[in-house]
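J.: Show me how the following folds:
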Amino acid sequence: QFLSMEPDLIHKCMQAMDSFILCPQISFFIVSFLSRRIQDTIPGHAKFNGHNGKIKPGSDPNATEAWIQLWTLPALYALTASSELLRKNASGFLLTPLLKISTGSFWYMMDILQQEDHPVWQKMDTTYRLNAFIAVLKAGRGLDIVDGHAYGTSISINTLTCAIYHQDAQVRLDVLGLLCESRKATAEITSTELDMLKLFIPLNMNSTAPEFRQQMCAYLGKLFTRLRGHFYAQHRNYTSLLTYADKHQDEKRQNALLDAHDCLVMMHRSKAWLVWLLDHVAQSLYPGASYQRIATALRILSTVCKVFGVTESTQIISIATPKLTKLLMDTFLNPYDFNRVQAFDILGQFPSPLPGIDPQEAQDLLWWGLNHVVSTRAGESDSGAMIFRLVFSKYVMDLGCPLVPEQQATQKEGHAAHVFTEQLLDMLEKQVKVAQSNLMLAAQQHPMHGTLLALQYVLGELKDAHEEAWQKTFERAMRLIQLTCDTALPVLSDASPEGNVPSRFDDDDQDEEDDMDQDDMTGPKHQVILSCCWRAVKEASSLLQVMIRFDRLSHQDLIQSGMLFRHLLTHIRHRGAFSAVYPAYVSLNTRLLTSGNAELTQLPMAWLQENLDSLVSSNISITRRSAGLPLCILAIVSSEPSAKKLLRHAMAFLIQLASDPPPPDADQRIDLPQVHAYNIMRTIFMDSKLGHHVLSYASQGFSLAIQGFSSHSWAIRNCSVMLFSTLLQRTLGTKKTRDEHAQVNTLTGREFFVRFPDLHPYLLNQLDVAVNQLLTQAAHQVHPGLYPILTLLSRMQPAMGEDKDHVLTPFIPLVMPCASSAIYKTREMAARALVPLVSDIVPTVQELLVLSTTQNEIHGRLLQVQFLLRGHFYSPKDTKDMHTQFIEHMPSVFHQALKQCSEWCPMNTALFLDILYEFCVETTWIKDASLNELASTCFASMREAVIGFCTQRIGLDISGIGAYLLRTSMAAHIVNHALMQPQVQLDGIL
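T.: Coordinates of the predicted model:
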């Protein structure tokens, strides 16, 4: 019945897969529908399981062929479409599950794709025939319908080569999947496949698309798994055949030896290819190579290590070689974090000591890393810290080598790891003393952040630290962290940290020329000092975060850590610095709240209450977005595991504080508790960890934001705008397309007010007040809450088929009068807001075109007509009845409005002509052939009237605002009309 009513159902569904959002649902429907079709049309499949079932051999051939033809031709249309997304979705979501049901579908499609003169290609675009061929072949290979021996016989090698060199990245990925995938983990990898891979990999190492690189390494991972499984299977066969040959004589022995030789050849072939691959990876790690090439090479090497194992794979290939070790060590100097981390992870799997680096060379390597640790540049210091981390892990921890991080350091007695850590702390202590005496000198020659980062890595490698000696080391580290933060805090807590130079460095240069020379070498003084300070605080906080995980810390240590974090977050004004402190404070609160110790679990609540009380005290000064104060409170409320008592307490306090009216002299005061409350709530609503927990406060948040638009304080109005924007994103979701009014970025009105029922009466009341003020007072006294309410309503989905008494109906009589506003943007937003409110389009449009007297109201009503028609007529939902009603009833209304155009200003006339052109002349919104015929008949006289109007007036002297728009609209009508004539004389028109 479905197919009799809609024969092109499958084709239309597949064409609609040109969307990331709809594609999974459409593909599930198609597979389910076709599975049910098998039950209904092919005998013997009454209990067919669509997800794992197959059409039985010997089934009715005519019924099976009809089922295959039902979907294969639409699938070929999709696979050869001009839309890259449609081709990708059709290949990824549909081919495998449908080909699994019937392998005959595969051969049916391959037969069409291999015949260039097949009748199907008269209707399809042959431009993407190779794309479809490789996609179908890849799906068949993944289902083992064809195997690797088909290349060169049923599948041309030249075709595969063309696909490898193809400009379309998806074709290249598909041919890689074709070469790598198989359902059997031990399936043979033929010499042809390995040769094709030798051709493919060097050509695609430098792809700039992250998705391509990720998918490429995923396919190669599958290949390595097959290669490993097949190698060990052949090795078992080889040993079994040799044992069999030893026990037999004559012909049986000879046959067994021949088979063993074949196994040996296949094993050597696999080993030779892996040797080539590792050699190619090594060649890709050359100095100056692009990020993409190095990242791809490291991903491939990491995948090889994961599949084969570094120490377990020596029978197949030796990965841990001196050559690769030194190349990976050089990668530590790469400027990209991802590449450095990948190189460290790979070297971490190598044995200790590292191949090619004995303990004495490790000491030299450590001193080489020291030169980078003390660099003023963050990337170089991270590289040096990585080297420290590797040497500490491989040589100090694993081998107990007594290495020293500084060349001048004296060797101490004790456990190697503990001595090494103490010497790093000695380095940090020297750097802190320099910073305390001369911050400029420390920033230029003795930066602290590299040493702090090295300490993070070293302590992160410790498996346990329960000895008494480590307790003293931790105490010393915490003391140095406190000193580091105290030294940097005066710079970061300045009212303008970005341009601040401490007073003692203002006049310390001999003359201006020396100052300029210094700036050329290291940068302006204020930037050098600021960078040194905020990086030091960042790494000090991260080091303390690493230490918090150790059980050896006492209660007093945890309390002291919390006091330090709170002090930093409430005093630092540099965003990079307090943002870096926040994760460490979260870790501390999480540990306290999950500790099980009653005394410790009460600390976050006490800290939270102190922070909330400080909002109304006089000793806190406001800064841009309240600086780190919102993060200080968020760190506590987001750390609570489940009950969210802290969140409830904080939100109740903040909502009450934000609701308090500001003092009359608010704009003359530095401190406003309400501003802090708004900023903190905004940060809490933005946090993804709290998720649905904060949605229960969204209604109150919206009320406060809209209320804040009317505040006499500029600061509160500014905060209200940011809070309102955050709430829109939280309640309606992040924008999935650039157009915020697109349907995928909206919610239905019913769903929105079911989630937030308290908002319905509030918005109605506020909108009523705003509209009354709009209609009774002058334009400059527009209610501040009008625009945000209209913005919120405009982000809801168009009403389709709703009851006349649905939840949005009460808003209609309040939104429509906004058409008379003297402010253009208000009229436009009212037009957008009307779209989701109205379900009876044609009667509403007829009512709107009974035009009023003022030009503003005429313009506002025309905008409402335009947005109503656009919002509903381009909808993918079934609107045929509405379209028919519009075509039959609107021409007379448009005729009447056209007669009044002479009384309108040029801008209004231009807008009306644009509406007529889009919905009565061009009519791209009509998709049905019968409706097109009806429109041609019903719109004919009106189209002639419009052409007559435009031809008559285009030669007149039109002046005023919008005159250019009017001439443009009239020209569009005239040119379009002329081009539709059988014999076009363009010279006369122009």
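
J.: what's the least confident helix or strand in the protein, going by average pLDDT?
T.: helix 512-522 (a mean of 46; mean pLDDT, DSSP states H and E).

J.: C-terminal to that one, what's the next element?
T.: helix 525-548 (DSSP states H and E).

J.: so what secondary structure elements neighbour that following helix?
T.: helix 439-445, helix 449-460, helix 468-492, helix 512-522, helix 555-571, helix 575-593 (3 or more CB pairs under 8 Å, 6 or more residues apart in numbering; DSSP states H and E). Using the backbone N, CA and C atoms, a C-beta is placed for each residue, glycine as well.

J.: Turn these into CSV, including distance to S839 and mean neighbour count.
T.: Converted to CSV, the helices and strands packed on helix 525-548 look like this (distance: least, CB to CB, whole Å; neighbours: other CB atoms under 10 Å):
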stretch, distance to S839, mean neighbour count
helix 439-445, 66, 19
helix 449-460, 60, 25
helix 468-492, 57, 19
helix 512-522, 67, 11
helix 555-571, 51, 19
helix 575-593, 47, 21
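
J.: what would those look like in CSV with distance to D881?
T.: Shown next, in CSV, are the helices and strands packed on helix 525-548 (distance: least, CB to CB, whole Å):
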stretch, distance to D881
helix 439-445, 73
helix 449-460, 67
helix 468-492, 65
helix 512-522, 73
helix 555-571, 60
helix 575-593, 55
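
J.: Counting neighbours, show which residues of the lengthiest helix in the chain come out buried.
T.: The longest helix of the chain (DSSP state H) is helix 210-247. Going by neighbour count (16 or more other CB atoms under 10 Å), the buried part of helix 210-247 is 212-213, 215-217, 219-228, 230-231, 233-235, 237-238, 241, 244-245.

J.: Local confidence estimate at the closest residue in space to F2 that isn't next to it in sequence?
T.: Once flanking residues are discounted, F2 sits nearest to L9: 6.0 Å by CB to CB, 6 or more residues apart in numbering. L9 carries a pLDDT score of 88 in this model.

J.: Can you report how many residues lie near L9?
T.: 16 (other CB atoms under 10 Å).

J.: mind listing what it touches?
T.: Going by CB atoms under 8 Å, 6 or more residues apart in numbering, L9 touches 2-3, 33.

J.: S91: which of the helices and strands packed on helix 525-548 is closest?
T.: S91 sits nearest to helix 575-593 of all these, at 40.9 Å, using CB to CB.

J.: how far off helix 468-492 does the closest one point, in degrees?
T.: If you take axes from the mean of the first three to the mean of the last three CA atoms, to 10 degrees, helix 575-593 sits at 140 degrees to helix 468-492.

J.: List the buried residues of the helix or strand following the longest helix of the chain.
T.: Using DSSP H and E, the helix or strand that follows helix 210-247 in sequence is helix 250-284. Neighbour counts over helix 250-284 (16+ other CB under 10 Å) mark 256, 259-260, 263-264, 266-267, 269-270, 273-274, 277-278, 281-282, 284 as buried.

J.: Quick one: distance of helix 250-284 to the chain centre.
T.: Computed by CA atoms, centre = their mean, to the nearest Å, the chain-centroid distance of helix 250-284 equals 44 Å.

J.: tell me the angle that helix makes with helix 210-247.
T.: 150 degrees.

J.: other SSEs contacting helix 250-284?
T.: helix 191-203, helix 210-247, helix 291-308, helix 322-331.

J.: Repeat the analysis, applying 6 Å as the threshold.
T.: Counting contacts by 3 or more CB pairs under 6 Å, 6 or more residues apart in numbering; DSSP states H and E, helix 250-284 is packed against helix 210-247, helix 291-308.

J.: can you list the residues that contact the last one?
T.: The contact list for helix 291-308, computed with CB atoms under 6 Å, 6 or more residues apart in numbering, reads 205-206, 208, 213, 217, 221, 224-225, 228, 281, 284-285, 336, 339, 342, 346, 349.

J.: Just the C-alphas of stretch 810-827, formatted as CSV.
T.: In CSV, the C-alpha atoms belonging to stretch 810-827 read as follows (Å, rounded to 0.1, in the frame of the first residue of the first chain):
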residue,chain,number,x,y,z
PRO,A,810,-2.1,33.5,23.3
PHE,A,811,1.0,35.2,22.0
ILE,A,812,-0.4,35.9,18.6
PRO,A,813,-2.5,39.0,19.4
LEU,A,814,0.5,40.4,21.3
VAL,A,815,3.1,39.8,18.6
MET,A,816,1.1,41.0,15.6
PRO,A,817,0.7,44.6,16.8
CYS,A,818,4.5,44.9,17.0
ALA,A,819,4.4,45.5,13.2
SER,A,820,3.7,49.2,13.9
SER,A,821,7.0,49.7,15.8
ALA,A,822,9.1,52.6,14.5
ILE,A,823,12.2,50.5,15.0
TYR,A,824,13.1,48.3,12.0
LYS,A,825,14.7,45.5,14.0
THR,A,826,11.7,45.2,16.3
ARG,A,827,9.4,44.8,13.2
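
J.: could you pull out the strands for the stretch 851-990 of the chain?
T.: Using DSSP state E, counting those that start in this stretch, no strands are found in the stretch 851-990 of the chain.

J.: And R226, how close does it get to Q545?
T.: Using CB to CB, to the nearest Å, R226 is found at 42 Å from Q545.

J.: and what of N856?
T.: 59 Å.

J.: for S579, same thing?
T.: 14 Å.

J.: Kindly report the same for I636.
T.: 16 Å.

J.: Of these two, give the one with the bigger neighbour count.
T.: Between I636 and Q545, counting by other CB under 10 Å, I636 is the more crowded of the two (26 against 19).

J.: wouldn't the more buried one be in contact with L603 here?
T.: No. I636 is not in contact with L603 according to CB atoms under 6 Å; the separation is 9.6 Å.

J.: quick revisit: which one of the helices and strands packed on helix 250-284 lies closest to R591?
T.: Minimum separation from R591 across these (CB to CB) falls at helix 291-308, 31.9 Å.

J.: Only the buried residues of that closest one, if you could.
T.: 292-305, 307-308.

J.: which of those residues lies closest to V537?
T.: Nearest member of the buried residues of helix 291-308 to V537, counting by CB to CB, is A295, at 30.7 Å.

J.: So which bits of the helix or strand hosting A831 are buried?
T.: Assessed by DSSP H and E, A831 sits inside helix 824-834. If you call a residue buried by 16+ other CB under 10 Å, then helix 824-834 has these buried ones: 826-834.
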